[in-house]
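Asks: predicted model and sequence follow; I will ask about them next.
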Amino acid sequence: MQLHFCFSVQKTIERYRTYTKDNVSSSTVQQDIEQIKADAEGLAKKLEALEAYKKKLLGEKLEGCSIDELHSLEVKLEKSLHVIRGRKTQLLEEQVRKLKEKEMTLRKNNEDLREKCKNQPLSVAPLAVVAAPDEHLEQKGDDTDVETELYIGLPGRDNRPNKAVAASQANHA
């Protein structure tokens, strides 16, 4: 009988735990859901307020603002502009400083190169001349005459009015 009593109490305890566990967990879950909904609604309201404030800062939807609100916006914008201009000035001053450092470095390098050039003897390297074939001047055999007449027209064509006149003028010269 004691065994049956012990077994029965054990079953009762298990049923109690199961019942309370289910009830506690469902009520806890319900409370969590309600809390999350409330948090979401609060965040949505904050988001709407921030978006409305952003629009006011951008100069939109100002119709419903009082003079005090507009003055407050103006003061905040002036403070923001002051901070922005200060940061911009700081960046520009830093950029000018870096450029001056670069200028000094380049001047020093230039001065060093000039000193180096002054100390070296002047030497002229021979220039390599590459002869390109000329289409209107052809050398045949031992003929070393060079044509010095001016021709008007397309290159490679003989545009002289009379070849015989040109040849006789060349012989008289």
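Replies: Noted; the coordinates are in hand. As the structure is a computational prediction, the values presented were derived from the model and not from experiment. Numbering: from 1, shown residues only.
Asks: C-alpha from now on. contacts and neighbour counts both.
Replies: Noted.
Asks: quick check: mean pLDDT of the host helix or strand of L77?
Replies: Secondary structure assigned from DSSP states H and E places L77 in helix 67-119. Within the predicted structure, the mean pLDDT of helix 67-119 is 96.
Asks: same check, this time on stretch 31-49
Replies: 91.
Asks: longest helix anywhere in the protein?
Replies: helix 2-57 (DSSP state H).
Asks: can you give me the angle it makes with helix 67-119?
Replies: Angle of helix 2-57 versus helix 67-119, following axes from the mean of the first three to the mean of the last three Cα atoms, to 10 degrees, is 80 degrees.
Asks: what's helix 2-57 packed up against?
Replies: Helix 2-57 sits against helix 67-119, with contacts defined as 3 or more Cα pairs under 8 Å, 6 or more residues apart in numbering; DSSP states H and E.
Asks: list the helices and strands the helix it packs on packs on?
Replies: Using 3+ Cα pairs under 8 Å, 6+ apart, helix 67-119 is in contact with helix 2-57.
Asks: please point out which parts of stretch 73-91 sit buried.
Replies: Buried residues in stretch 73-91, counting neighbours by 16 or more other Cα atoms under 10 Å, are found at L73.
Asks: need the contact partners of it.
Replies: Stretch 73-91 has contacts (Cα atoms under 8 Å, 6 or more residues apart in numbering) with 56-57.
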